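Participant: show me how the following folds:
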Amino acid sequence: MEAIKEAVGLNEGAGASRQAMADARLPLAYRDSCAHLLIPLNKCRYNEYYLPWKCENERHSYEKCQYEEFKKRVAKMDEIRASKGGARSN
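Facilitator: Model prediction:
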């Protein structure tokens, strides 16, 4: 999986370690480059009884990270598509 991320250009290395994600019991689907923001968000949610107005800053930073990663994936896909002359991969 790491080799695929490096090939696509998504492996930044600034995220949480595998052990930190395992200790926080993050589901596999959420173990991405924004996991370092999800761990404190989940802790805040647990400590504040999931009241939506209590962890706004943590949630906003996590959602912004997710959006930035989405934009990187779209840009990379556009770059790959342009190199193939506009042909779709599917």
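Participant: residue closest to the middle of this protein?
Facilitator: With the centre of the chain defined as its mean C-alpha position, the nearest residue by Cα atoms, centre = their mean is Cys34, 3.6 Å away.
Participant: same for the lengthiest helix in the chain, what does it pack against?
Facilitator: Of all segments of type helix in the chain, defined using DSSP state H, the longest is helix 56-83. Helix 56-83 is packed against helix 35-47, with contacts defined by 3 or more Cβ pairs under 8 Å, 6 or more residues apart in numbering; DSSP states H and E. Yep, even glycine has a C-beta here, placed from its N, CA and C like the rest.
Participant: now what about the helix it packs on, what contacts it?
Facilitator: Residues from elsewhere that reach helix 35-47, judged by Cβ atoms under 8 Å, 6 or more residues apart in numbering: 14-16, 20-21, 24, 26, 30, 54-55, 58-59, 61-62, 65.
Participant: alpha carbons only: can I get that helix in PDB?
Facilitator: Presented in PDB, the C-alpha positions along helix 35-47 are these (Å, rounded to 0.1, in the frame of the first residue of the first chain):
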ATOM      1  CA  ALA A  35      -5.100  10.200  10.800                       C
ATOM      2  CA  HIS A  36      -2.900  12.500  12.900                       C
ATOM      3  CA  LEU A  37      -5.900  14.900  13.100                       C
ATOM      4  CA  LEU A  38      -8.500  12.200  13.500                       C
ATOM      5  CA  ILE A  39      -7.000  10.700  16.600                       C
ATOM      6  CA  PRO A  40      -7.300  13.900  18.700                       C
ATOM      7  CA  LEU A  41     -10.800  14.500  17.200                       C
ATOM      8  CA  ASN A  42     -12.000  11.100  18.300                       C
ATOM      9  CA  LYS A  43     -10.500  11.700  21.800                       C
ATOM     10  CA  CYS A  44     -12.300  15.000  22.000                       C
ATOM     11  CA  ARG A  45     -15.600  13.500  20.800                       C
ATOM     12  CA  TYR A  46     -15.300  10.800  23.500                       C
ATOM     13  CA  ASN A  47     -14.400  13.200  26.300                       C
END
